[in-house]
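**Student:** Turn this into a structure:
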Amino acid sequence: MLRVAVALMAISIGGSAIAQTGREELLRARQLYNDRKFDDAIAAADAARKTAETADAAGVVLARSHLERYRQIADPTDLVAARAALGAIAVEHLGLPDRAEYLIALGGSLFLEDDFGAAAEIFESALEIAPAAGDAAREAVLDWYGSAMERWAAPYTTSRRAGMLSRLVTRMEAEQAKYPSSRAASFWLVAGLR
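**Tutor:** Below is the predicted model:
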């Protein structure tokens, strides 16, 4: 009986040490991403994905790091890696801030593949939860949404384009009313009215 208790305690201690390592790697990956050190963020996120507790949140960091690296060097393998990371995430396991970051990554992936309509829809759905991930995430979603709407509307005729830009203006007016200091809302409000 004592051996069983000791074995269970050893498993519990080992499991909590592994979970702690995963949390540390996830924090490190997030910091590296914020510092724009995407190669290192990818390595740390890969390490954090090996722990069940942090795998899904680390997948979000991994996807966003690949997308940002793609924006820097335009290597298509980064888009493929980002899509693979997004596809492996169990979204139901994400907390609200990570869910917002997931939607930013998903919309960003679609945007970078020139699917501006789908990207705009994803970003618009993220606008309500983005504040949970902080001001920077909220501003990023607003900016991505504005860019996606503008590019989505660009090829259409005057009346359809006007309707799409009216949708953009209405959304940015609402965002500016909630967050008067939002630079992205101010910019896209003016751009949409032009």
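
**Student:** all strands for this protein, in order.
**Tutor:** Using DSSP state E, the strands of the chain do not appear at all; there are none.

**Student:** what ranges do the helices span in it?
**Tutor:** In order along the chain, the chain carries the following helices (DSSP state H): 2-34, 38-48, 55-73, 76-87, 96-112, 116-126, 135-153, 158-178, 183-193.

**Student:** pLDDT weak spots in this protein?
**Tutor:** Under the criterion pLDDT under 70, the flagged ranges of the chain are 1-19.

**Student:** Now the helices of the chain in JSON lines, please, with extra columns for mean neighbour count.
**Tutor:** Yep, even glycine has a C-beta here, placed from its N, CA and C like the rest. Conversion of the helices of the chain to JSON lines gives the following (neighbours: other CB atoms under 10 Å):
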{"stretch": "helix 2-34", "mean neighbour count": "14"}
{"stretch": "helix 38-48", "mean neighbour count": "21"}
{"stretch": "helix 55-73", "mean neighbour count": "23"}
{"stretch": "helix 76-87", "mean neighbour count": "17"}
{"stretch": "helix 96-112", "mean neighbour count": "22"}
{"stretch": "helix 116-126", "mean neighbour count": "21"}
{"stretch": "helix 135-153", "mean neighbour count": "21"}
{"stretch": "helix 158-178", "mean neighbour count": "15"}
{"stretch": "helix 183-193", "mean neighbour count": "17"}
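
**Student:** State the distance from the spatially closest residue to His93 that is not a sequence neighbour to Asp98.
**Tutor:** Of all residues not flanking His93 in the chain, Asp56 sits nearest, at 4.6 Å (CB to CB, 6 or more residues apart in numbering). From Asp56 across to Asp98, the span is 7 Å (CB to CB, to the nearest Å).

**Student:** Same question for Glu24.
**Tutor:** 17 Å.

**Student:** Repeat that for Asp46.
**Tutor:** With distances defined as CB to CB, the gap from Asp46 to Asp98 amounts to 17 Å.

**Student:** Might one say that Asp40 is in contact with Gln31?
**Tutor:** No. Counting by CB atoms under 8 Å, Gln31 is not a contact partner of Asp40; they are 9.5 Å apart.

**Student:** if we can go back for a sec, could you list every residue that touches the residue nearest to His93?
**Tutor:** Counting by CB atoms under 8 Å, 6 or more residues apart in numbering, Asp56 touches Ile89, Ala90, Val91, His93, Leu94, Asp98.

**Student:** any idea which of those has the most stuff around it?
**Tutor:** Neighbour tally across those (other CB atoms under 10 Å): the maximum, 23 neighbours, falls on Ile89.

**Student:** Distance of that one relative to Gly117?
**Tutor:** 23 Å.

**Student:** ok, now Glu124?
**Tutor:** Relative to Gly117, Glu124 is positioned 11 Å away (CB to CB).

**Student:** Likewise for Glu139?
**Tutor:** Here the distance between Glu139 and Gly117 works out to 22 Å (CB to CB).

**Student:** go on, Ala57?
**Tutor:** As it turns out, when the distance is counted by CB to CB, Ala57 lies 28 Å from Gly117.
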